[in-house]
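Participant: predicted model follows, preceded by the sequence.
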Amino acid sequence: MKIITIILSILLFSCNQSNDSNFTLDPSKPVEVGIESIEKSDSDLYIIDVYMINHQPVSGVQFKIEPDTFFEVDSVFGGRCKANDFQLHSNGKGTILGFSIAGNSIPESNNSKKENNILFSIKAKMKKEVNSPLSLSPIIASSDAKKIETISVPFELIGK
């Protein structure tokens, strides 16, 4: 009976382990950005969580939600930007800019889970039904103000 208990414990422990045990920082890898989730809030607004998995410090971000015909941005807030004292600015067409006046950087990600790497959240009004994937056109700046290679992962809202 003790052997069965030990085997079951090991099995349960191994199943609960994160897949991020293989996550290692590699500055040669591009920054991955995308939309982690879109949820309807209490009002007519939606909350769009944007994530960033980065392997080197980031000193500035700029995004454009594409296509820009589905959402009108109300405000941008929170996430890793807020935690690192970044100012966030946006316009209704979906352009978002984030940087630190104090010169702070967003440190490297410590895992590859999207939900643990929320960069900021967007409050937006849906202008019309989304009928195609959403993507972000990003420009990400390194700590020495050079553009970092990025990959933008499209978000499929249809059927969600």
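Facilitator: Received the coordinates, thanks.

Participant: low pLDDT regions in this protein?
Facilitator: For the chain, applying pLDDT under 70 flags the ranges 1-21, 158-160.

Participant: number of residues surrounding E129?
Facilitator: Using other C-beta atoms under 10 Å, E129 is surrounded by 8 other residues. C-beta coordinates here come from the backbone N, C-alpha and C atoms, glycine included.

Participant: so what's it up against?
Facilitator: Applying C-beta atoms under 8 Å, 6 or more residues apart in numbering, we find E129 in contact with F70.

Participant: would you mind giving the secondary structure of it?
Facilitator: coil (DSSP: H, G, I helix; E, B strand; the rest coil).

Participant: same question for the one 3 residues further on.
Facilitator: When classified by three-state DSSP, S132 comes out as coil.

Participant: distance of the nearest residue to it once chain neighbours are set aside relative to V33?
Facilitator: Closest residue in space to S132, ignoring its immediate chain neighbours: P67 at 6.8 Å, by C-beta to C-beta, 6 or more residues apart in numbering. Per C-beta to C-beta, to the nearest Å, P67 is found 17 Å from V33.

Participant: when the two are compared, which one has more neighbours?
Facilitator: Comparing P67 with V33 by neighbour count (other C-beta under 10 Å), the higher total belongs to V33, at 24 against 14.

Participant: next, the more buried one: phi, psi?
Facilitator: Backbone geometry at V33, expressed as degrees, to the nearest 10, gives phi -130, psi 160.

Participant: show me what contacts it?
Facilitator: Residues near V33 by C-beta under 8 Å, 6+ apart: 50-53, 63, 119, 136, 138, 140, 150-153.

Participant: how does it look with 7 Å?
Facilitator: V50, Y51, M52, L136, P138, T150, S152 (C-beta atoms under 7 Å, 6 or more residues apart in numbering).

Participant: what does E149 give?
Facilitator: Each residue near E149 by C-beta under 7 Å, 6+ apart is listed here: P30.

Participant: 10 Å instead, please
Facilitator: Listed by C-beta atoms under 10 Å, 6 or more residues apart in numbering, the contact set of E149 reads S28, K29, P30, V31, I140.

Participant: for the second one, give its distance to E108.
Facilitator: Spelled out, that is K29. As judged by C-beta to C-beta, K29 and E108 stand 11 Å apart.

Participant: using PDB, write out every CA atom in stretch 144-155.
Facilitator: C-alpha atoms of stretch 144-155 as PDB (Å, rounded to 0.1, in the frame of the first residue of the first chain):
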ATOM      1  CA  ASP A 144      19.600  50.800 -25.400                       C
ATOM      2  CA  ALA A 145      16.600  52.100 -27.400                       C
ATOM      3  CA  LYS A 146      17.000  49.800 -30.300                       C
ATOM      4  CA  LYS A 147      14.100  47.900 -32.000                       C
ATOM      5  CA  ILE A 148      13.800  44.300 -30.800                       C
ATOM      6  CA  GLU A 149      12.600  41.600 -33.200                       C
ATOM      7  CA  THR A 150       9.000  40.600 -32.300                       C
ATOM      8  CA  ILE A 151       6.500  37.900 -33.100                       C
ATOM      9  CA  SER A 152       2.800  38.900 -32.900                       C
ATOM     10  CA  VAL A 153       0.500  35.900 -32.200                       C
ATOM     11  CA  PRO A 154      -3.000  36.500 -33.700                       C
ATOM     12  CA  PHE A 155      -6.000  36.100 -31.500                       C
END
